[in-house]
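J.: Model the following, please.
(chains A, B, C and D)
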There are 2 protein chains.
Amino acid sequence: MTTPAAPTNDARERLAATASDLFYRKGIHSVGVDRILSEAGMSRATMYRHFGGKEDLVVAYLEGEDRTIRSQVAAAGGAPDPLAAAIHGIADDVAHRHTRGCPFINAAAEYPDEASPVRRLIATHRAWFRGVLTQAAAGAGATDPERVAAALVMLRDAALVGGYLDGAESIREAFLDAASAVTGADLA
Amino acid sequence: MTTPAAPTNDARERLAATASDLFYRKGIHSVGVDRILSEAGMSRATMYRHFGGKEDLVVAYLEGEDRTIRSQVAAAGGAPDPLAAAIHGIADDVAHRHTRGCPFINAAAEYPDEASPVRRLIATHRAWFRGVLTQAAAGAGATDPERVAAALVMLRDAALVGGYLDGAESIREAFLDAASAVTGADLA
DNA sequence: ATCGAGAGAGAACGATCGTTCTCTCTGGCG
DNA sequence: CGCCAGAGAGAACGATCGTTCTCTCTCGAT
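T.: A predicted model of the protein is given here:
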């Protein structure tokens, strides 16, 4: 077979990576396609060959975040105490990776229409995440797993927002404190 | 003295009210000045006579939110149990008023530069709010008021985000649960 | 060797962005 | 009465938005 004219997959991935980085760092409506293209070093037509438009780029950005988190959760699922692993994973994520807040929460702030593809994707992601935490809490022997999961979803949202607006270092302790209280576990 | 040619205060307030409503409901970068003006029923020059530009309108929007919350807090300060009053006030706010999330958190998602006037205003507001909660916790006899306040700030952020993205009714119980656990109080 | 499909570059599109300019009208004051 | 400072309306500005079009070049196939 050999690649026909050019693999293009390289261009697509580079485009998605550049767009994702800009969307997260600068916000979605704030960055124009011109900037994405110049930063990715490619031309307009190339982008419109791979994506239907800017919104598809936004969806790809959030799908990428979703994929990353799912793989992290899958990795944590193998730990001896999945719930504790998830909580420490969130704390590390806030401190090192998501220092500009939660990509989904930030995107939702810019997309008020809950019927839009972006908001649907966010809703799906959140429902999945809540489900995973419910299972983990049940596995840890919680008497009311859904209640624990609901509290942890709240605390994760708060940790990401607080880490962004108040500083990651000031939120870590409060987050781990509250998470211990909710799960009954002792989290260093 | 009597008003010179026209009070104009009416125009200014109507403009600020219209802009605030649109910014909150639709997001900031999504609404153009044309829409604000047409919805407020006035002309461009009138706006630029009262505000230096769109960003001043954004600042006025957040200042208005700040003022509203401060007066609500002042009112709650007179209650027999200020801390409990604040918590119930937050729960009601999420359920009835701020169903599109927290204006400050949403605005911060669109303003990555922490040196910008918008972000400075947000930081000031959050610092003030944290201080008020610390005082309230101390007044309620908490052994570690700052820790209680930090937890409540987190829970308020989470309640507003969760109320927006997951529905106000599904977040109320979790919020009151967690708040009781943190404060040690029994919040119906 | 010739062709055609696919990928890329860049000019150009209309629409809208935030902002400025020009003009008219009103109302208090000499 | 004449006047002018202030408020408002609306046309127009350049810049940028997201999108489409046209052209070139490179490939594999015939």
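
J.: Now the helix or strand where residue A:39 lies: buried residues?
T.: Assigned by DSSP states H and E, residue A:39 belongs to helix A:33-40. Neighbour counts using 16 or more other Cβ atoms under 10 Å in any protein chain shown place A:36-37, A:40 of helix A:33-40 among the buried residues. C-beta coordinates here come from the backbone N, C-alpha and C atoms, glycine included.

J.: Would you mind writing the CA trace of whatever helix or strand comes next after it as PDB?
T.: The helix or strand immediately downstream of helix A:33-40 is helix A:44-50, counting by DSSP H and E. The C-alpha trace of helix A:44-50 is given here as PDB (Å, rounded to 0.1, in the frame of the first residue of the first chain):
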ATOM      1  CA  ARG A  44      -6.200  26.800   6.100                       C
ATOM      2  CA  ALA A  45      -7.200  24.200   3.500                       C
ATOM      3  CA  THR A  46      -5.200  21.600   5.300                       C
ATOM      4  CA  MET A  47      -7.200  22.100   8.400                       C
ATOM      5  CA  TYR A  48     -10.600  22.100   6.700                       C
ATOM      6  CA  ARG A  49      -9.600  18.800   5.000                       C
ATOM      7  CA  HIS A  50      -9.200  17.100   8.400                       C
END
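
J.: how about helix A:44-50, does it reach DNA strand D?
T.: Yes - part of helix A:44-50 sits near DNA strand D under the criterion Cβ under 7 Å from any atom of the strand, namely A:44-45, A:48.

J.: hmm, who's touching that helix?
T.: With contacts defined as Cβ atoms under 8 Å, 6 or more residues apart in numbering or on different chains, helix A:44-50 is touched by A:8, A:11-12, A:15, A:33, A:36-37, A:57.

J.: Give the other helices and strands that the following helix or strand past that helix contacts.
T.: Using DSSP H and E, the next helix or strand after helix A:44-50 towards the C-terminus is helix A:54-76. Other helices and strands packing on helix A:54-76, by 3 or more Cβ pairs under 8 Å, 6 or more residues apart in numbering or on different chains; DSSP states H and E, are helix A:9-26, helix A:33-40, helix A:82-92, helix A:103-110, helix A:117-139.

J.: right, and these - which one's nearest chain B?
T.: Closest to chain B of the helices and strands packed on helix A:54-76, according to Cβ to the nearest Cβ: helix A:103-110, at 3.9 Å.

J.: tell me the angle that closest one makes with helix A:117-139.
T.: Here the directions of helix A:103-110 and helix A:117-139 differ by 140 degrees (axes from the mean of the first three to the mean of the last three Cα atoms, to 10 degrees).

J.: Now helix A:103-110: average pLDDT?
T.: Averaging pLDDT along helix A:103-110 gives 98.

J.: Stretch A:30-48 too?
T.: On average, stretch A:30-48 scores 91.

J.: Tell me the buried residues in the helix or strand where residue A:174 lies?
T.: Residue A:174 is part of helix A:168-183 when elements are defined by DSSP H and E. When neighbours are counted by 16+ other Cβ under 10 Å, the buried residues of helix A:168-183 are found to be A:168, A:171-172, A:174-179, A:181-183.

J.: Show me which of those is closest to chain B.
T.: Within these, proximity to chain B (Cβ to the nearest Cβ) peaks at residue A:174, which comes in at 4.1 Å.

J.: Now do the closest one against residue B:71, distance only.
T.: Residue A:174 sits at a distance of 27 Å from residue B:71 (criterion: Cβ to Cβ, to the nearest Å).

J.: and if you look at residue A:65?
T.: 38 Å.

J.: between those two, who's got more neighbours?
T.: Neighbours per residue (other Cβ atoms under 10 Å in any protein chain shown) separate residue A:65 from residue B:71, with residue A:65 holding more: 20 against 10.

J.: just checking, that one touches residue A:106?
T.: No - look at residue A:65 against residue A:106 with Cβ atoms under 8 Å: they stay out of range, at 10.6 Å.

J.: check contacts around the residue most central in space within chain A.
T.: For chain A, the residue nearest the mean C-alpha position is residue A:65 (4.3 Å; Cα atoms, centre = their mean). Contact analysis of residue A:65 by Cβ under 8 Å, 6+ apart lists A:20, A:103-104.

J.: for residue A:95, same thing?
T.: A:163, A:168-169, A:172 are the contacts of residue A:95 under Cβ under 8 Å, 6+ apart.

J.: What values do phi and psi take at residue A:141?
T.: Dihedral pair for residue A:141: phi 90, psi 20, per degrees, to the nearest 10.

J.: before we move on, the earlier item: could you dump the buried residues of helix A:33-40 into TSV and include distance to residue B:75?
T.: Compiled in TSV, the buried residues of helix A:33-40 are given as follows (distance: Cβ to Cβ, whole Å):
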residue	distance to residue B:75
A:36	47
A:37	52
A:40	52
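
J.: re the thing from before, for the helix holding residue A:174, packing partners?
T.: helix A:82-92, helix A:145-166, helix B:145-166, helix B:168-183.

J.: now that helix: mean pLDDT?
T.: 91.

J.: Only alpha carbons, please: show that helix as PDB.
T.: Output in PDB follows, covering the C-alpha atoms of helix A:168-183 (Å, rounded to 0.1, in the frame of the first residue of the first chain):
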ATOM      1  CA  ALA A 168      -2.400  24.700  43.500                       C
ATOM      2  CA  GLU A 169      -0.300  24.700  46.700                       C
ATOM      3  CA  SER A 170      -3.100  26.300  48.700                       C
ATOM      4  CA  ILE A 171      -5.700  23.900  47.600                       C
ATOM      5  CA  ARG A 172      -3.900  20.600  47.900                       C
ATOM      6  CA  GLU A 173      -4.300  20.300  51.700                       C
ATOM      7  CA  ALA A 174      -7.900  21.400  51.800                       C
ATOM      8  CA  PHE A 175      -8.700  18.900  49.000                       C
ATOM      9  CA  LEU A 176      -7.000  15.900  50.700                       C
ATOM     10  CA  ASP A 177      -8.600  16.900  54.000                       C
ATOM     11  CA  ALA A 178     -12.100  17.000  52.600                       C
ATOM     12  CA  ALA A 179     -11.500  13.800  50.600                       C
ATOM     13  CA  SER A 180     -10.400  12.000  53.800                       C
ATOM     14  CA  ALA A 181     -13.500  13.200  55.600                       C
ATOM     15  CA  VAL A 182     -15.800  12.000  52.900                       C
ATOM     16  CA  THR A 183     -14.200   8.600  52.300                       C
END
